[in-house]
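**Student:** Based on what follows, work out the 3D shape:
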Amino acid sequence: MRAARYILAGAALCIGTVALAQNTTNNNAFRYRWRDASGHSYFSDSLSPEAMKAGYDVVNAQGMVVRHVERQLTADERAAARKVADQQAAALQAQQQRQREDAQMLNAYPDEAAFSAAKNAELDNFEQAARTTRINLQGQEKALADLLARAGDLERAKQPVPKTLNDRIAEQRTTVSNLRATLQRQMAAKEAARASTDSQLRHYRELKAADAASRP
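**Tutor:** Residues are numbered from 1 along each chain as shown. Got it, this is the predicted structure:
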């Protein structure tokens, strides 16, 4: 009789343990829910290709959504997302570079007088380069005029102009043309630097005002 009671108690304990294990397993189980293009909902104990393509919810045993997973992107969508990410990264890099340049500007020029002095020195460098080119151009133009005068004298004297003289005239014209183009580029660079200096000065003033306002 006592042995029978032990057997029955052991059986009850096993049954209870199995039931508890099953209940625990069910409580911790997750299912997957997704909707098709028509809006119909589907549930599954395992992920299907359709769920991954459509995007799905992870649902616990109580029917609560514990996580949402977006649908898979197409190749075109992935390419577009990469493009947007690259653009955002480039914009962030440019912003960080501007911030570094602004900090360098404030450190390099403690006040507006120092800023103006440095920028005027840069403009003077442009002017000096243009002045050197201008002087060289004047000398080369005079040399060309002398060669042309010699050729003109020969032509008026009804004498042929030597090939060597014609070649020198052609070379001198090329030299003069190149110097004129160089002078034009230098003057354009000077004007661009002047305009940039004006813009930088306005930006410098804004930075100084913002810096002063941020100080206690």
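**Student:** tally of neighbours for Tyr109?
**Tutor:** Tyr109 is flanked by 19 other residues according to other CB atoms under 10 Å. Where you see a C-beta, it was placed from the backbone N, CA and C, and this is true even at glycine.
**Student:** I figured it hits His203, correct?
**Tutor:** No - counting by CB atoms under 8 Å, Tyr109 stays clear of His203, with 11.6 Å between them.
**Student:** got the domain boundaries for this protein?
**Tutor:** Here the domain assignment for the chain is 2-69, 110-214, based on automatic domain parsing.
**Student:** mind checking how far the residue nearest the centre of the chain is from Gln184?
**Tutor:** By CA atoms, centre = their mean, the mean C-alpha position of the chain lies nearest to Ala90, the distance being 2.3 Å. For Ala90, the distance to Gln184 equals 34 Å [CB to CB, to the nearest Å].
**Student:** for Pro162, same thing?
**Tutor:** 33 Å.
**Student:** just Asp146 next, same as before
**Tutor:** Going from Asp146 to Gln184 by CB to CB gives 24 Å.
**Student:** cool, Thr175 as well?
**Tutor:** Counting by CB to CB - Thr175 and Gln184 are separated by 15 Å.
**Student:** likewise Arg82?
**Tutor:** 44 Å.
**Student:** ok, now Val59?
**Tutor:** 74 Å.
**Student:** Then Gly39?
**Tutor:** For Gly39, the distance to Gln184 (CB to CB) stands at 69 Å.
**Student:** rewinding a little: could you tell me the least trusted of the domains of the chain?
**Tutor:** Mean pLDDT is lowest for domain 2-69 among these, at a mean of 65.
**Student:** now the strands for this structure?
**Tutor:** 30-35, 41-44, 56-60, 65-69 (DSSP state E).
**Student:** so the third one versus strand 65-69, what angle?
**Tutor:** Relative orientation of strand 56-60 and strand 65-69, computed by axes from the mean of the first three to the mean of the last three CA atoms, to 10 degrees: 160 degrees.
**Student:** Strand 56-60 packs against which elements?
**Tutor:** Helices and strands touching strand 56-60, as assessed by 3 or more CB pairs under 8 Å, 6 or more residues apart in numbering; DSSP states H and E, comprise strand 30-35, strand 65-69.
**Student:** Quick one: residues in contact with stretch 165-185.
**Tutor:** For stretch 165-185, contacts defined as CB atoms under 8 Å, 6 or more residues apart in numbering pick out 130, 133-134, 136-137, 140-141, 143-144, 147-148, 150-151, 154.
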